[in-house]
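A.B. asks: Pasting a predicted model and its sequence here:
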Amino acid sequence: MTETKKSKVNPDLDKHLKALLTEVMERPKDGQEGPSLTDKMKVIDRVLKWEFVKHKLQDGDWGTAFNE
């Protein structure tokens with residue numbers, strides 16, 4: 001795999017998604033209301049989609065059919 005393929009993944013995006021997932025999965029403190037299940041699932045869905053995109057970016061053959 002070339003270095004240019006690895007550089008397409010933004011490390012800041014990884015960092016922010018990880019922080020968002022951590023924040024949404026924390027248990028609420030006494031007297032505070034935590035995020036709803038819908039909000040949690042939205043964040044989890046975004047993280048899973050981002051992991052799928054990262055996996056596809058690392059696949060050297062992905063998207064080559066458009067060049068034909």
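C.D. replies: Everything's here; your move. Residues are numbered from 1 along each chain as shown.

A.B. asks: Count the neighbours of K40 for me.
C.D. replies: For K40, the count of nearby residues is 14 (other CB atoms under 10 Å). Backbone N, C-alpha and C define where each C-beta goes, glycine included.

A.B. asks: Next, find the distance separating it from V24.
C.D. replies: 5 Å (CB to CB, to the nearest Å).

A.B. asks: again with D45
C.D. replies: According to CB to CB, D45 stands 11 Å off from V24.

A.B. asks: Who has more neighbours out of those two?
C.D. replies: Taking neighbours as other CB under 10 Å, D45 and V24 compare with V24 leading, 17 against 10.

A.B. asks: Count the neighbours of the closest residue to G34 other than its chain neighbours for me.
C.D. replies: The shortest distance from G34 to any non-neighbouring residue, by CB to CB, 6 or more residues apart in numbering, is to P28 (3.5 Å). By other CB under 10 Å, 9 other residues sit near P28.

A.B. asks: Need the three-state assignment for P28.
C.D. replies: Here P28 takes the coil state, with states given by DSSP: H, G, I helix; E, B strand; the rest coil.

A.B. asks: I'd like the C-alpha coordinates of the longest helix out of those in the chain written as CSV, please.
C.D. replies: As assigned by DSSP state H, the longest helix anywhere in the chain is helix 37-58. Taking C-alpha atoms only, helix 37-58 is exported to CSV below (Å, rounded to 0.1, in the frame of the first residue of the first chain):
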residue,chain,number,x,y,z
LEU,A,37,-30.9,5.6,23.0
THR,A,38,-31.6,7.2,19.6
ASP,A,39,-28.7,9.6,20.0
LYS,A,40,-26.4,6.8,21.1
MET,A,41,-27.3,4.7,18.1
LYS,A,42,-26.7,7.7,15.7
VAL,A,43,-23.2,8.1,17.0
ILE,A,44,-22.5,4.4,16.8
ASP,A,45,-23.8,4.3,13.3
ARG,A,46,-21.5,7.2,12.3
VAL,A,47,-18.5,5.5,13.8
LEU,A,48,-19.3,2.2,12.1
LYS,A,49,-19.7,3.9,8.7
TRP,A,50,-16.4,5.8,9.2
GLU,A,51,-14.6,2.4,10.0
PHE,A,52,-16.1,1.0,6.8
VAL,A,53,-14.9,4.0,4.8
LYS,A,54,-11.4,3.6,6.3
HIS,A,55,-11.4,-0.1,5.4
LYS,A,56,-12.4,0.7,1.8
LEU,A,57,-9.7,3.4,1.5
GLN,A,58,-7.0,0.8,2.4
